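In: Fold the following.
(chains A and B)
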Number of protein chains: 2
Amino acid sequence: MPGQQQRKPTSAINQQPLADFKVGVDNVIFSVDITENRLLVLLVMRQQEPFANYWSLPGTLVRQGESLEDAAYRIMAEKIRVNNLYLEQLYTFGGPKRDPREACDSYGVRYLSVSYFALVRFEDAQLITDGVTGVAWYPVKDVPQLAFDHNEVLNYGNCRLRNKLEYSPVAFDVLPKMFTLNDLYQLYTTVLGENFSDYSNFRARLLKLGFLYDTGVKVSRGAGRPASLYQFDADAFAPFKDKPLVFI
Amino acid sequence: MPGQQQRKPTSAINQQPLADFKVGVDNVIFSVDITENRLLVLLVMRQQEPFANYWSLPGTLVRQGESLEDAAYRIMAEKIRVNNLYLEQLYTFGGPKRDPREACDSYGVRYLSVSYFALVRFEDAQLITDGVTGVAWYPVKDVPQLAFDHNEVLNYGNCRLRNKLEYSPVAFDVLPKMFTLNDLYQLYTTVLGENFSDYSNFRARLLKLGFLYDTGVKVSRGAGRPASLYQFDADAFAPFKDKPLVFI
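Out: Numbering: from 1, shown residues only, chains lettered A, B, ... in the order given. Sure thing, here's the model as predicted:
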């Protein structure tokens, strides 16, 4: 979000009254369907105006006595069942006119959105429906026009995801415990695109890092020769946890 | 900011009315005094309650029609004159009870703070005073108890700064155009602490990256032999701008 260079004169703004806000949280929850190589995002169908019948990121408005994080976890508990959900704050979107509710019966109240991010294991996650509200894992590349500025929030989340894949071992949170190097490569390709690296460079780089160990187990898939199953070695990684490191 | 695991039951919270907010912006502006090897943060003395006469991060409340970024730049324009100030969003702090104004005459209004971050060149920056409000570059290691939760915000900013030094060429934004490798090492040591790397490893690593070129000019400082002056080669770095990279 680059800062704009043209701004209103300070003196004029200083005469304006303070803005009143309602604060929403919106969650960008990604998953990867490993078997189909699809990057997915959790969307819900809005039931009310504005943007009734549009897909949106799962979100809610913060209530009295509730922290931002509590609100973010509250809405997730209504939409998805998953182990160890950890929401990370993403970005705060708060410009004027980002929500059509500001225009109508809001008495000048603005709507600010604090977004949160998570990557969850597809097999562990179970969607919850209240019988009325649609909820779905949507392929990121097919996402339609969303409610509010949620396409922008989703794009921002996608950048964070790519970044985390590059600088952290987050991939191993979504892969099965044992995986082939090709599974890992497919996951990276699914998120980063086909051209991020060729397979042999990727393989060499990952093995050189020293956080993967060969379990000795081999699997046959299709016509090729059997592939080794690897595991992520969290103990070997531990000393590097807070060190600057590039994964790929 | 790890998510808490103990949360209020969803059903009880769902009965609560929506919270009303005022939204503030607070800026964590760092600089490095190269000659003294001090990491500095810009603080202002508060003139009114709550926390009158406490040092605080320069901040303000968002006004009607004003974006978060506009508010952040507005308060900076009142405190400091600097070329090409670029504020980056840091984190949003919004828990209940983070501001004592919530308790008294606020009619239940909560105060949320969106923090912004910048690193500016010490020599280029000029403090502005209105004749009443104190403003100062404060050595980070000597920062006293600040107003509100600003020590926490500052800590968060310090983590971001360390992170940026590790993964990006931000150091060259604050160094003079020509510098010795020892100047660069001192800057890193000032921010990351004495033990981040020994000098010879640091030197080898930085030269290997290929973004520094020897200007051929040498300077004598003190008793040692003359040292080469280097420049950051922005053109050589350009192709790597969006690639994962570790600087040190």
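
In: domain assignment for chain A?
Out: What automatic domain parsing lists as the domains of chain A is A:16-167, A:170-240.

In: hmm, the shortest one in reach of chain B?
Out: No - for domain A:170-240, no contact with chain B is found by CB under 8 Å from any CB of the partner chain; the gap never falls below 9.9 Å. Yep, even glycine has a C-beta here, placed from its N, CA and C like the rest.

In: Which stretches in chain A count as strands?
Out: For chain A, the strands defined by DSSP state E occupy A:21-33, A:38-45, A:55-56, A:59-61, A:80-81, A:88-93, A:110-121, A:126-127, A:135-139, A:212-219, A:227-232.

In: how about the ones you listed in a markdown table, adding distance to residue A:150, mean neighbour count and mean pLDDT?
Out: Below are these laid out as a markdown table (distance: least, CB to CB, whole Å; neighbours: other CB atoms under 10 Å in any protein chain shown; pLDDT from 0 to 100):
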| stretch | distance to residue A:150 | mean neighbour count | mean pLDDT |
| --- | --- | --- | --- |
| strand A:21-33 | 7 | 24 | 96 |
| strand A:38-45 | 9 | 21 | 97 |
| strand A:55-56 | 5 | 18 | 98 |
| strand A:59-61 | 8 | 19 | 96 |
| strand A:80-81 | 17 | 18 | 94 |
| strand A:88-93 | 10 | 21 | 97 |
| strand A:110-121 | 9 | 23 | 95 |
| strand A:126-127 | 18 | 11 | 94 |
| strand A:135-139 | 11 | 16 | 96 |
| strand A:212-219 | 36 | 13 | 95 |
| strand A:227-232 | 33 | 18 | 95 |
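
In: Confirm for me that residue A:42 is in contact with residue A:75.
Out: No - using CB atoms under 8 Å, residue A:42 is not in contact with residue A:75; the gap is 10.7 Å.

In: Touching both of those two, which residues are there?
Out: In terms of CB atoms under 8 Å, 6 or more residues apart in numbering or on different chains, residue A:42 and residue A:75 are both contacted by the residues A:27, A:58.

In: from memory residue A:76 sits against residue A:58, does it?
Out: Yes - at 6.7 Å, residue A:76 counts as touching residue A:58 under the criterion of CB under 8 Å.

In: Between those two, which contacts overlap?
Out: Contact criterion CB under 8 Å, 6+ apart; residues shared by residue A:76 and residue A:58: A:27, A:29.

In: returning to that earlier point: would you turn the domains of chain A into TSV with distance to residue B:175?
Out: Output for the domains of chain A, formatted as TSV (distance: least, CB to CB, whole Å):
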stretch	distance to residue B:175
domain A:16-167	24
domain A:170-240	28
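
In: With respect to residue B:166, which of the ones you listed lies nearest?
Out: When the domains of chain A are compared by CB to CB, domain A:16-167 sits nearest residue B:166, at 9.7 Å.

In: For residue A:152, which non-adjacent residue is spatially closest?
Out: Once flanking residues are discounted, residue A:152 sits nearest to residue A:93: 7.2 Å by CB to CB, 6 or more residues apart in numbering or on different chains.

In: mind checking how far the one you found is from residue A:102?
Out: Between residue A:93 and residue A:102 the distance, using CB to CB, to the nearest Å, works out to 13 Å.

In: Please apply the same query to residue A:79.
Out: Taking CB to CB, one finds residue A:79 at 26 Å from residue A:102.

In: And the two? Which one has more around it.
Out: The residue with more neighbours, out of residue A:79 and residue A:102, is residue A:79; 20 against 16, by other CB atoms under 10 Å in any protein chain shown.

In: which residue sits closest to the more buried one in space, ignoring its chain neighbours?
Out: Nearest residue to residue A:79 in three dimensions, chain neighbours excluded: residue A:58, at 4.8 Å (CB to CB, 6+ apart).

In: where in chain A is pLDDT low?
Out: For chain A, residues meeting the criterion pLDDT under 70 lie at A:1-11, A:103-107.

In: the helices in it, which residues?
Out: Listed in chain order, the helices of chain A (DSSP state H) span A:10-14, A:68-79, A:150-167, A:171-174, A:181-192, A:199-209, A:234-237.

In: May I see the buried residues of the second one?
Out: Looking back up the chat, that one is helix A:68-79. Neighbour counts using 16 or more other CB atoms under 10 Å in any protein chain shown place A:68-76, A:78-79 of helix A:68-79 among the buried residues.

In: Now do it and strand A:21-33, the angle between them.
Out: 50 degrees (axes from the mean of the first three to the mean of the last three CA atoms, to 10 degrees).

In: which helices and strands sit right next to helix A:68-79?
Out: Packing partners of helix A:68-79 (3 or more CB pairs under 8 Å, 6 or more residues apart in numbering or on different chains; DSSP states H and E): strand A:21-33, strand A:59-61, strand A:110-121, helix B:10-14.

In: what angle separates that helix from strand A:38-45?
Out: 90 degrees.

In: residues making contact with helix A:68-79?
Out: With contact meaning CB under 8 Å, 6+ apart, helix A:68-79 is reached by A:23, A:25, A:27, A:29, A:42, A:44, A:58-63, A:66, A:85, A:87, A:89, A:114, A:116, A:127-128, A:130, A:135, B:1, B:3-4, B:7-8, B:10, B:13, B:92, B:94-95, B:112.

In: Fine, thanks again, bye for now.
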